[in-house]
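Q: Predicted model and sequence below, questions to follow.
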Amino acid sequence: MGRSEAAAVAIQAWWRGTLVRRTLLLAALSACVVQRWWRRLQAGRLAERRWAALREHVLREGAAVRLQAWVRMWRVRLRYSRLLHAARIIQLYWRWHNCHTRGVIQGNYDIKEDQLNLHLEISLGSQVCKIHQSTPLPIKQTQDL
């Protein structure tokens, strides 16, 4: 092999190497593009699953919060109704005590024709005093003109 053949072989080897490197570079770039696309697709799916999980968590958390609020409201209402009942019992006994220790005056009146009828009932402890009184009313007579 002569010098020119050796030079031709060297040029051909360089050119084949360049073509192979160019092909390998193109394959590597294509692989990068495919990998990037795949990773982006996977990231989108992952983000979608995360959002779905977050929405589900928020719904469950909201339901739990509403349930807790309902239970707290129910407990407060129950306690309030018990306190209200206790207050009514205390009022009932206090009024009974006052009625039997201090006394109560009850009465009514009506006016019929020219009389005032007064009906009173005074209770003091176990004693009851009833008063019925009729009082004539002064009626002014008008003079005829």
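A: Okay, I see it. Note that the coordinates shown come from a computational prediction; the quantities given were computed from them, not determined experimentally.

Q: quick one: the strands in the protein?
A: With DSSP state E as the criterion, the chain has strands at 104-112, 115-124, 127-136.

Q: Mean pLDDT and mean neighbour count added to these, as CSV?
A: C-beta here means a position set from N, CA and C on the backbone, and glycine is covered the same way. What follows is the strands of the chain, written out as CSV (pLDDT from 0 to 100; neighbours: other C-beta atoms under 10 Å):
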stretch, mean pLDDT, mean neighbour count
strand 104-112, 84, 10
strand 115-124, 84, 14
strand 127-136, 84, 10
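
Q: In a markdown table: the ones you listed, plus distance to Val65.
A: Converted to a markdown table, the strands of the chain look like this (distance: least, C-beta to C-beta, whole Å):
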| stretch | distance to Val65 |
| --- | --- |
| strand 104-112 | 53 |
| strand 115-124 | 57 |
| strand 127-136 | 61 |
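
Q: out of the ones you listed, nearest to Arg21?
A: Shortest distance between Arg21 and the strands of the chain, using C-beta to C-beta, is found for strand 104-112: 116.4 Å.

Q: Which neighbouring elements make contact with that closest one?
A: Judged by 3 or more C-beta pairs under 8 Å, 6 or more residues apart in numbering; DSSP states H and E, strand 104-112 is in contact with strand 115-124.

Q: Alpha carbons only: can I get stretch 14-27 in CSV?
A: What follows is stretch 14-27, C-alpha atoms only, in CSV (Å, rounded to 0.1, in the frame of the first residue of the first chain):
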residue,chain,number,x,y,z
TRP,A,14,-12.2,9.8,9.3
TRP,A,15,-15.3,10.2,7.1
ARG,A,16,-16.9,6.9,8.4
GLY,A,17,-16.1,7.9,11.9
THR,A,18,-17.7,11.3,11.4
LEU,A,19,-20.8,9.7,9.9
VAL,A,20,-20.9,7.2,12.8
ARG,A,21,-20.4,9.9,15.4
ARG,A,22,-23.1,12.1,13.7
THR,A,23,-25.5,9.1,13.7
LEU,A,24,-24.8,8.3,17.3
LEU,A,25,-25.2,12.0,18.2
LEU,A,26,-28.6,12.1,16.3
ALA,A,27,-29.6,8.8,18.1
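
Q: quick check: mean pLDDT across that stretch?
A: Confidence for stretch 14-27, expressed as mean pLDDT, is 95.
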